[in-house]
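A.B. asks: Next one to model:
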Amino acid sequence: MREAIGNTFLFNVIIVFVIIFIIIFAGSSSYSKAAKVKNTIIDILVQNADEIGPDSTRLPSAVTNKINAELKNIGYRVNPNKTQTCRLRVDSEGTSTNGTSSSEAKRTAQLLTPTSDYRYCVWRIPSERGYYFKVTSYMYFEFPLVSVIEYPIEGESRVIYDEVEHEY
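C.D. replies: Sure, this is the predicted structure:
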């Protein structure tokens, strides 16, 4: 009887380890997809920065169509109701990522994606010499009996410099 209890315990330990490895693999693949989405969006924004410009309030439709086509190829999750709940995140000291205070950063940052076919957020944030884009994509965990859990993955582009006019 003692051997049967020992084998059951060993079988339960193996099952727990298999479940843990499956969770780690699912999390890793979900993070990989979200990071790929973030990097793809940043690349498209930097390549088309001249179309977007420093004063626009939304992404141009040509840029949005390029982003949507790439996200469709990647297989990113579709946003069925096209609403966004984008919030500019600040660090624990109350400053944004470019060093301004949180109230100043929220006041000067411009959300360029109030609605979208996919769940991502694009902010244009001014800096000393130009502006840069901050992109948030989301990694998803879907459980059958529990609602969807999403976790934001953020990234920033390089600074896109304003044109400088020289007097001669």
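
A.B. asks: Run through the bridge partners of the most centrally placed residue in the chain.
C.D. replies: Most central in the chain under Cα atoms, centre = their mean is Ser137, positioned 1.8 Å from the mean C-alpha point. Under the criterion DSSP bridges, Ser137 forms beta bridges with Tyr120, Ile153.

A.B. asks: Would you check that it makes contact with Ser116?
C.D. replies: No: the pair Ser137 and Ser116 does not pass the contact test of Cβ atoms under 8 Å, sitting 11.1 Å apart. In this view, the C-beta of every residue, glycine as well, is placed from N, C-alpha and C.

A.B. asks: Please pull up the helix or strand immediately following the one helix or strand in the chain whose mean pLDDT sits lowest.
C.D. replies: When each helix and strand of the chain is scored by mean pLDDT, DSSP states H and E, helix 102-108 comes last, with a mean of 53. Of the helices and strands lying after helix 102-108 in sequence (DSSP states H and E), the nearest is strand 110-111.

A.B. asks: for that following strand, packing partners?
C.D. replies: strand 120-126 (3 or more Cβ pairs under 8 Å, 6 or more residues apart in numbering; DSSP states H and E).
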